[in-house]
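Peer 1: Output the structure for:
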Amino acid sequence: MLSRIGSPAYMDQRISDNDPYDMTVDIYAFGLIIFCIYKGKGLYDECQNIQILKKQKSNIYKDYDQKMEELTEDLPYTIKNIIKNCLQLNYISRYSAREISRMM
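Peer 2: Purely as a prediction, here's the structure:
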């Protein structure tokens, strides 16, 4: 893919890094959208676009698993599981669209 257009609040870090990417960037964005629907706010609502990119690049979520657990603790188990998997930092481990549709 060649396009590098989108809102940093919904973009996988690989896009801003100009790394090659595939459909897993859309899976990441889907996880952020589902998070917004269930929580009523975005994961990066407190940040401006440039701050979001800096957070992603600095790997601010060194305690990522714990942070995701805290952010999703009040969600239904299946939704929590989908969000956490879609937002995995290791994009290779993210669910496919088919796997997500089976869970829903």
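
Peer 1: Quick check: longest helix in this structure by residues?
Peer 2: Criterion DSSP state H: the longest helix present in the chain is helix 24-39.

Peer 1: Buried ones in that one, by neighbour count?
Peer 2: Buried residues in helix 24-39, counting neighbours by 16 or more other CB atoms under 10 Å, are found at 24-32, 34-35. (Each C-beta comes from the backbone N, C-alpha and C, glycine too.)

Peer 1: Please convert the residues you listed to TSV, extending it with pLDDT and distance to G42.
Peer 2: TSV is the format used below for these (pLDDT from 0 to 100; distance: CB to CB, whole Å):
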residue	pLDDT	distance to G42
T24	88	20
V25	86	17
D26	88	17
I27	92	17
Y28	87	13
A29	87	11
F30	91	13
G31	89	12
L32	85	7
I34	88	11
F35	85	7
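
Peer 1: In JSON lines, list these along with distance to A97.
Peer 2: What follows is the buried residues of helix 24-39, written out as JSON lines (distance: CB to CB, whole Å):
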{"residue": "T24", "distance to A97": "10"}
{"residue": "V25", "distance to A97": "12"}
{"residue": "D26", "distance to A97": "8"}
{"residue": "I27", "distance to A97": "7"}
{"residue": "Y28", "distance to A97": "12"}
{"residue": "A29", "distance to A97": "12"}
{"residue": "F30", "distance to A97": "8"}
{"residue": "G31", "distance to A97": "12"}
{"residue": "L32", "distance to A97": "15"}
{"residue": "I34", "distance to A97": "13"}
{"residue": "F35", "distance to A97": "17"}
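
Peer 1: Thanks a lot, catch you later.
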